[in-house]
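Asks: the sequence and its predicted three-dimensional model are supplied below.
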Amino acid sequence: MSATFAVMSPATGRSVADAPDNGPAEAKAAIAKAVTAFETWRRTTAYERSAILRAWATRMLASDADLARLMAQEMGKPVTEARGEVRYAVSFVEWYAEEAKRVYGETVPSQAAHKRILVQPQPVGPVYAITPWNFPAAMITRKAAPALAAGCSVILKPAEQSPLTAIRLAELWVEAGGPADVFQVLPTSDPVALSGVFFDDPAIRKLSFTGSTEVGVKLAAQSAKTMKRVSLELGGHAPFLIFADADVDRAVSEVAASKFRNAGQTCVCANRIYVHDAVHDAFVERFSAVVSALRVGDPLDEATQVGPLVDAQGHEKVRAHVDDALARGARAVVGGKGGEGLHFQPTVLTGVSRGMRILEEETFGPVAPIIRFSEDEDAVRQANDTPFGLAAYLWTRDLSRAFRVAEALDYGIVGVNDGLPSAAQAPFGGVKMSGVGREGGKWGIEEYLDLKFISIAL
């Protein structure tokens with residue numbers, strides 16, 4: 001194909017490269033290839049699939065500098081942080097290279113002496129995966145690695161802001177010995193037109209989507225027409241509860257790591273910080289000092305800690321949330337304004353209260369709103385007062401409180417004294433309007449397997 005679209009750097013506003021611009025015709029061709037490739041790939045042994053996945057992981061690690069630079073250029077992630085993402089992305093490939101060999105069937109006791117009952121897992125079929133721009137490598141391997149390990153073929157549509165990393169990962173897959181038609185990447189500037197083909201085609205048996213709740217609800221409805229299996233990792237509005245017994249310095253460190261990673265553009269970063277009266281002032285003082293020292297700048301600079309926001313729409317949303325909070329009585333202890341281009345100053349807000357947009361909507365930016373509380377039960381109630389349920393965090397040195405609060409928080413992921421809990425071997429996903437299904441661990445590969453019941457009469 002000859003059509004392309006420009007991939008723009010949020011740091012410079014200039015084109016980084018041109019990406020192939022796929023449309024409905026290319027989508028139909030990709031489905032045909034994926035269907036044919038699935039019939040061969042599903043019959044390879046788990047050990048063959050495992051070997052290719054391990055080789056893919058090796059090539060990704062060897063290309064970590066190039067992949068990190070691509071991410072910094074196309075979506076503004078600081079290059080040092082992007083190298084960490086490459087390692088995180090590789091961890092999923094390594095994990096599922098092993099899990100491929102651990103897809104076990106079962107025999108079930110029969111009620112009849114002449115019958116034998118078998119339960120056999122099998123790959124669900126060709127998969128359509130849609131990934132966001134904020135983790136251009138890890139969101140891909142978190143979906144593709146378990147699907148490929150299970151024996152599925154995968155067609156991936158990366159976000160239009162960050163397709164270059166996806167294209168490179170597909171090249172590395174082929175270099176590792178992976179069949180090209182088993183893992184295809186289709187960038188596009190018109191995701192609605194492209195995706196419509198996949199939702200209409202019953203040959204696509206599975207949708208895996210990470211993105212906004214609004215879009216996820218629509219895609220689930222479209223998938224229902226052909227009864228596709230669906231995994232949705234949607235929006236979050238993560239609370240971080242700091243209790244009276246917290247080690248303030250360590251709590252500050254964990255909140256900062258959670259909040260300002262990727263300029264606050266993650267679905268699991270702390271969006272609301274509830275701090276007990278007893279430690280509120282000390283926390284604000286020390287946290288503000290840490291935030292004030294964050295280095296904002298060029299994502300390709302090794303010293304940069306906070307890069308630009310991904311686009312003008314994201315920048316405007318952050319600015320609007322801050323302006324709304326300030327107009328309603330909040331105070332900017334640090335920051336509060338935009339920077340050069342698409343940068344936004346790391347911001348700490350105090351005096352935040354109900355009715356402010358920042359407590360009702362996911363900000364997706366480097367803004368930390370702080371809310372005081374005096375009673376533990378009230379903090380938990382406020383933390384749960386949201387339609388979202390992806391990730392939540394708390395800091396306490398009281399073991400009983402840690403268990404009580406962790407169990408009371410209505411979220412799929414809870415970090416206790418841990419602002420960065422995600423790991424390849426653990427289940428990642430939310431409840432309520434934050435989605436359905438899990439990625440990671442043994443649960444991730446189950447999303448790509450159907451169970452077949454075989455009854456044999458002797």
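Replies: Received it, and whenever you're ready, just let me know what you need.
Asks: ok, Arg69 to Lys206 distance?
Replies: 32 Å (C-beta to C-beta, to the nearest Å). (C-beta placed from N, C-alpha, C; glycine too.)
Asks: those two: which has the busier surroundings?
Replies: Shown here are Arg69 and Lys206; by other C-beta atoms under 10 Å, Lys206 has more neighbours (24 against 17).
Asks: just list the residues touching that one, thanks.
Replies: 124-128, 147, 152, 228-231, 447-448 (C-beta atoms under 8 Å, 6 or more residues apart in numbering).
Asks: Val380 reaches Glu407, doesn't it?
Replies: No. Here Val380 lies out of contact with Glu407, judged by C-beta atoms under 8 Å, at a distance of 10.1 Å.
Asks: re earlier: just the buried subset of the contacts of Lys206, please.
Replies: 124-128, 147, 152, 228-231, 447-448 (16 or more other C-beta atoms under 10 Å).
Asks: neighbour count: Val380 and Glu407, which is higher?
Replies: When Val380 is set against Glu407 and neighbours are counted by other C-beta under 10 Å, the residue ahead is Val380, at 21 against 9.
Asks: state the pLDDT value of the nearest residue to the more buried one once chain neighbours are set aside.
Replies: If the residues on either side of it in the chain are set aside, Val380 comes closest to Ala408, at 5.0 Å by C-beta to C-beta, 6 or more residues apart in numbering. Ala408 carries a pLDDT value of 98.
Asks: now swap in Ile371 and tell me
Replies: At Ile371, the model reports a pLDDT of 98.
Asks: what about the helix or strand where it lies, distance to the chain center?
Replies: Here Ile371, judged by DSSP states H and E, is contained in strand 367-373. When distances are taken as C-alpha atoms, centre = their mean, to the nearest Å, strand 367-373 is centred 24 Å away from the chain's centroid.
Asks: check which element follows that strand along the chain.
Replies: helix 376-384.
Asks: quick one: the helices in this structure?
Replies: For the chain, applying DSSP state H gives helices covering 24-41, 46-62, 64-75, 79-99, 138-150, 164-175, 191-200, 213-224, 248-260, 277-292, 312-327, 376-384, 399-408, 441-446.
Asks: rewinding a little: from the buried ones among the contacts of Lys206, which land in strands?
Replies: Among these, DSSP state E puts 127-128, 229-231 in strands.
Asks: what comes up buried for stretch 190-209?
Replies: 191, 194-195, 197-199, 201, 204-209.
Asks: which members of those are the farthest-apart pair?
Replies: Pro191 and Arg205 (20.3 Å; C-beta to C-beta).
Asks: what number of residues lie near the closest residue to Arg357 other than its chain neighbours?
Replies: The spatial neighbour of Arg357 that comes closest, neighbours along the chain excluded (C-beta to C-beta, 6+ apart), is Asp324 at 4.6 Å. Residues near Asp324, counting by other C-beta under 10 Å, number 16.
Asks: isn't Asp324 right next to Met356, touching?
Replies: Yes. Counting by C-beta under 8 Å, Met356 is a contact partner of Asp324 at 6.0 Å.
Asks: returning to what we had before: for the ones in strands among the buried ones among the contacts of Lys206, which one is nearest Ala289?
Replies: The closest of those, once distances to Ala289 are taken by C-beta to C-beta, is Ser231, at 41.0 Å.
Asks: so who does the closest one touch?
Replies: By C-beta under 8 Å, 6+ apart, the residues touching Ser231 are 143, 206-209, 429, 435-439, 447.
Asks: export the residues you listed as CSV, with columns for pLDDT.
Replies: Below are the contacts of Ser231 laid out as CSV (pLDDT from 0 to 100):
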residue, pLDDT
Lys143, 98
Lys206, 98
Leu207, 98
Ser208, 98
Phe209, 98
Gly429, 97
Gly435, 96
Val436, 97
Gly437, 97
Arg438, 98
Glu439, 98
Glu447, 98
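Asks: how far away is the closest residue to Lys33 other than its chain neighbours from Glu375?
Replies: Spatial nearest neighbour of Lys33, excluding adjacent residues (C-beta to C-beta, 6+ apart): Asp181 at 4.1 Å. Asp181 is 59 Å from Glu375, where distance means C-beta to C-beta.
Asks: equivalent analysis for Lys317, please.
Replies: As judged by C-beta to C-beta, Lys317 and Glu375 stand 32 Å apart.
Asks: of the two, who's got more company?
Replies: Per other C-beta under 10 Å, whichever of Lys317 and Glu375 has more neighbours is Lys317, with 17 against 10.
Asks: show me which of the buried residues of stretch 190-209 is closest to Pro366.
Replies: Nearest to Pro366, judged by C-beta to C-beta, of those is Phe209 at 25.7 Å.
Asks: what sits against Ala270?
Replies: Residues near Ala270 by C-beta under 8 Å, 6+ apart: 238-240, 255, 258-259, 368, 393, 419.
Asks: I misspoke; the intended subject was Ala392.
Replies: By C-beta under 8 Å, 6+ apart, the contact set of Ala392 is 238-241, 383, 409, 411, 413-415.
Asks: buried subset of the residues you listed?
Replies: Neighbour-count burial (16+ other C-beta under 10 Å) applied to the contacts of Ala392 gives 238-241, 383, 409, 411, 413-415.
Asks: quick one: those residues as TSV, columns for distance to Asp21 too.
Replies: As requested, the buried ones among the contacts of Ala392 are exported to TSV (distance: C-beta to C-beta, whole Å):
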residue	distance to Asp21
Ala238	35
Pro239	40
Phe240	41
Leu241	46
Ala383	43
Leu409	43
Tyr411	38
Ile413	36
Val414	41
Gly415	40
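Asks: so of those residues, which ones are in strands?
Replies: Among the buried ones among the contacts of Ala392, the members falling in strands (DSSP E) are 238-241, 413-415.
Asks: between the ones in strands among the buried ones among the contacts of Lys206, which is nearest Ile273?
Replies: Nearest to Ile273 among those is Ser231, at 29.7 Å by C-beta to C-beta.
Asks: leaving out the residues flanking it, which one is nearest to that closest one?
Replies: Gly437 (3.4 Å).
Asks: spit out the contact partners of the nearest residue to Ser15 once chain neighbours are set aside.
Replies: In this structure, Ser15 finds its nearest non-sequential neighbour in Ala6, 4.3 Å apart by C-beta to C-beta, 6+ apart. By C-beta under 8 Å, 6+ apart, the residues touching Ala6 are 15, 17-19.
Asks: which members of the residues you listed are classed as buried?
Replies: Ala19.
Asks: would a markdown table of the contacts of Ala6 with distance to Leu219 and pLDDT be doable?
Replies: As requested, the contacts of Ala6 are exported to a markdown table (distance: C-beta to C-beta, whole Å; pLDDT from 0 to 100):
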| residue | distance to Leu219 | pLDDT |
| --- | --- | --- |
| Ser15 | 29 | 97 |
| Ala17 | 28 | 97 |
| Asp18 | 27 | 97 |
| Ala19 | 22 | 98 |
